[in-house]
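> need the 3D shape of this:
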Amino acid sequence: AFNGVSIYSKGSMKTPLGNIRVNEKMAGSLLNEKAHVSFYPAAFEKEHSLEVQLPFLQQALKDFSIVPILIGSPTRESFEFLTGKLAEVLRKNEDVIIIASTDLSHYHDYDTAVIMDKKVIGAVERMSMEDTERYLMSGEGEMCGAYPVLFTMAVARSLGATNGVLYKYANSGDVTND
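Below you'll find the model as predicted:
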């Protein structure tokens, strides 16, 4: 837990498949202490959302660099600054992508999980930040990585996106029967 946003801005991240270098120039352009967007090393020490994505990216993309971003408790300043800067980066660089990582509902029976998850997925498919937030605030849906998804939706909307696409839905019950 921390206020604002932490950007890993130098060096590389190591996985069993090798190191992935940080795009230091791009990362540096996203830092802004006044907007609560800085490098907070402790945020990366126990966070696992990045480490589960990186080996997949190494297999899928081969040669690439990253700008790891962790979102704690964002401020209005960090949200407005970072979504604006990310949209600017994407407008200028066709080869840049944003990946937001999250889980949906936790510890519910299968049918309840599916109902909750489908509400959130539907809101994301409609690119409705308002519905997404409403489901999360009311408890009708859950998303442990809500802020990264909301940041990503805001960037996508600012670039003209009007809908999202669901490629596949499954939950742990589909894999473990639990």
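> can we go C-alpha only for contacts and neighbour counts from here?
OK.
> if I look at Thr102, what pLDDT would I see?
As predicted, Thr102 sits at a pLDDT of 89.
> so it sits against Ala146, correct?
Yes - counting by C-alpha atoms under 8 Å, Thr102 does reach Ala146; the two are 7.1 Å apart.
> need the contact partners of stretch 125-133.
The contact list for stretch 125-133, computed with C-alpha atoms under 8 Å, 6 or more residues apart in numbering, reads 120, 123-124, 150, 153-154, 157, 161-166.
> hmm, try it at 6 Å
Stretch 125-133 has contacts (C-alpha atoms under 6 Å, 6 or more residues apart in numbering) with 120, 123, 163-165.
> Asp117: helix or strand, and which one exactly?
Secondary-structure assignment from DSSP states H and E places Asp117 in helix 110-125.
> immediately after that helix, which helix or strand?
helix 129-138.
> and the next helix or strand past that next one?
Counting by DSSP H and E, what follows helix 129-138 is helix 146-158.
> coming back round to it: which one's more surrounded, Thr102 and Ala146?
The neighbour comparison of Thr102 against Ala146 (other C-alpha atoms under 10 Å) goes to Ala146, with 19 against 15.
> which SSE is Leu82 in?
With DSSP H and E as the test, Leu82 turns up in helix 76-92.
> quick one: that helix to chain centroid distance?
With C-alpha atoms, centre = their mean, to the nearest Å as the basis, helix 76-92 stands 14 Å off its chain's centre.
> what's the mean pLDDT across it?
97.
> buried stuff in it?
By 16 or more other C-alpha atoms under 10 Å, the buried positions in helix 76-92 come out as 78-79, 81-87, 89-90.
> still on that earlier bit, report the buried members of the contacts of stretch 125-133.
120, 123, 164.
> reformat the residues you listed as CSV; add pLDDT.
Below are the buried ones among the contacts of stretch 125-133 laid out as CSV (pLDDT from 0 to 100):
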residue, pLDDT
Val120, 98
Ala123, 98
Gly164, 95
